[in-house]
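Coordinates for the following, if possible.
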Amino acid sequence: MPSYPYRIRISPDVISQEVLLGETVLLDVKTLVYFGLDALGSAVWREIQERPDADEAFSRLLASTGLGEEELVQKFSSILRGLENSRIIQLEARIT
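Numbering: from 1, shown residues only. A predicted model of the protein is given here:
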């Protein structure tokens with residue numbers, strides 16, 4: 001299983017709204033950057049809101065989405081990178 005040694009910190013300036021068919025829209029009210037998430041992105045968003053530990057969020061998504069590990073690794077990593085590049089989240093090294 002891949003390792004995501006990060007704690008995810010969500011910007012306090014971000015609001016989210018679920019819309020049709022499980023999609024979610026995120027808006028940073030400070031920068032006015034908005035980000036749209038499909039159904040899988042929305043599942044990732046819900047997980048990281050409840051569990052800011054990236055490893056734990058990944059494990060729960062692996063158990064609940066029905067995706068294979070390799071496919072989920074690619075999609076989960078891509079979603080986190082997109083959110084981080086938009087400054088919606090910050091990935092902080094988890095201290096062990």
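
Tell me which residues touch the residue nearest to Y34 when sequence neighbours are not counted, please.
Excluding the flanking residues, the one nearest Y34 by C-beta to C-beta, 6 or more residues apart in numbering is L27, at 4.7 Å. In short, each C-beta sits where N, CA and C put it, glycine included. L27 makes contact with V14, I15, S16, Q17, V33, Y34, F35, according to C-beta atoms under 8 Å, 6 or more residues apart in numbering.

Name whatever forms a beta bridge with L27.
Applying DSSP bridges to L27 gives these bridge partners: I15, Y34.

quick one: which of the contacts of L27 is nearest R94?
V14 (21.1 Å; C-beta to C-beta).

The closest one is in contact with T31, isn't it?
No. Using C-beta atoms under 8 Å, V14 is not in contact with T31; the gap is 9.6 Å.

which SS state does I8 fall under?
strand (DSSP: H, G, I helix; E, B strand; the rest coil).

so what pLDDT did it get?
We have a pLDDT of 97 for I8.

how about the strands in the chain?
Secondary structure of the chain (DSSP state E): strands at 6-10, 14-18, 24-28, 34-37, 89-93.

Buried residues of the third one, list them for me.
Residues of strand 24-28 classed as buried under the neighbour-count rule (16 or more other C-beta atoms under 10 Å) are T24, L26, L27, D28.
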